[in-house]
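Engineer: below are the sequence and a predicted model for it; my questions follow.
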Amino acid sequence: MKIKTILLAAGLAFGLQGIAPQAQAADIQTRLIRFGYGLNQDSNQGRAAQVFADEVAKLSDGKMKIRAIGAAALGSDIQMQQALIGGAQEMMVGSTATLVGITPEMAMWDTPFLFNSGEEADKILDGRAGQMLIEKLDDKGLVGLVYWENGFRNLTNSQRPVTRVEDFDGLKLRVMQNNIFLDTFQRLGANAVPLPFSELFTALETKTVDGQENPYNTILSSKFYEVQKYLSVTNHVYSPWIVLASKQWWDTLSADERDVLLKAAVASRDFERKDTRQEAEKALAQLKAEGMQVNEVSPEEVERMRETIKPVNEQIKQNVGPAIWQAVQNQLKAIRQG
Ligand code: TF8
């Protein structure tokens, strides 16, 4: 009796849909997709890459296989971007800051102290302004799918606690390969050295540089605490990551295949932001337990830092153009007014 009912229901559903189950009807081919990223497998980036892979498999009935390859085994962010542009690699996730050489507008997200919270960043990144920037990638050979959270960046170094602007003086700091970051830390008085992330641990270990800046999550997952003593809570900028596809490759996909990737990307984004925020909440205590000496920076000193690096905004405005700059400012104002 029970079985009959189920069969009847199944038959009805079948009849209503008219045709075979969806995954079979959809125009999806067997595909192997290389998805590169720079952090370790055991990191917020690695965990979300796995969620993306699982979602793609689920939505494509196992036909589309994501091979997630971490620890920069496919190259640094910039090398992977070039591979995507040339069609030699299908997908990646990396910092928007490393895209500025290709798409100057991406410098918008390098604006110091732009966002006050992760939730504020979500609204801007997922809204019109975020989309405007994603569209700028199109004629550069890249397709932007979604933004993930890298997070608010904090400063670490092996020399001394940084509590005032003056403490940056002469510190050899690794910065991302991007003129805005270079300029920002030069203005603070540091000796800024652009390096790919993949070379960072060794550079810290060999004291080629004294310090670096990244979110708590990364300081933890990349084990920077092994080679860095001091952590200053500066929260000087919020960094997004962006999930990218090769445009050359994307153009060969069917609408159904693109739909699978977009849906999976959104699912991975929602997972990633939650996971990252949960990890960040606990990370500081863990870093202390690993022996890092943590110092807050007083609101007055943060204000001095803000003033010192303010001229950087002019350069960013030039990079992004008035339309995008204004769109972000207006949207932020609207959010803050509630
Ligand atoms: C950095 C970024 C890194 C990213 C990552 C490797 O410091 O914060 O998180 O580049 O994709 O380079």
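Structural biologist: Sure, I can see it. Residues are numbered from 1 along each chain as shown.
Engineer: when you work out contacts or count neighbours from here on, use the C-alpha atoms and nothing else.
Structural biologist: OK.
Engineer: ok and the residue in the stretch 101-250 of the chain nearest the ligand?
Structural biologist: Residue nearest to the ligand within the stretch 101-250 of the chain (C-alpha to the nearest ligand atom): Phe197, separated by 4.3 Å.
Engineer: for the closest residue to that residue other than its chain neighbours, give its distance to Leu84.
Structural biologist: What sits nearest to Phe197 in space, not counting adjacent residues and going by C-alpha to C-alpha, 6 or more residues apart in numbering, is Ser76, at 6.9 Å. Ser76 sits 12 Å away from Leu84, going by C-alpha to C-alpha, to the nearest Å.
Engineer: so the residue nearest to Phe197 makes contact with Ser198?
Structural biologist: Yes: using C-alpha atoms under 8 Å, Ser76 makes contact with Ser198 at a distance of 6.0 Å.
Engineer: shared neighbours of the two, which are they?
Structural biologist: Gly38 (C-alpha atoms under 8 Å, 6 or more residues apart in numbering).
Engineer: the two - which one has more neighbours?
Structural biologist: Relative neighbour count places Ser76 above the other of Ser76 and Ser198, with 22 against 16, counting by other C-alpha atoms under 10 Å.
Engineer: and that one, what is it in contact with?
Structural biologist: Shown in contact with Ser76 (C-alpha under 8 Å, 6+ apart): Gly38, Pro196, Phe197, Ser198.
Engineer: Ile134 now?
Structural biologist: Contacts of Ile134 (C-alpha under 8 Å, 6+ apart): Val143, Gly144, Leu145.
Engineer: can you pull the buried residues of the helix or strand hosting it?
Structural biologist: Taking DSSP states H and E as the definition, one finds Ile134 inside helix 128-135. Burial within helix 128-135, assessed by neighbour count using 16 or more other C-alpha atoms under 10 Å, is assigned to Ala129, Gly130, Gln131, Leu133, Ile134.
Engineer: cool, and stretch 99-110?
Structural biologist: Those would be Leu99, Val100, Ile102, Thr103, Pro104, Glu105, Met106, Ala107, Met108, Trp109, Asp110, for stretch 99-110 by 16+ other C-alpha under 10 Å.
Engineer: do stretch 319-329 as well
Structural biologist: Neighbour-count burial for stretch 319-329 flags Asn319, Val320, Ile324, Trp325, Ala327, Val328 (criterion: 16+ other C-alpha under 10 Å).
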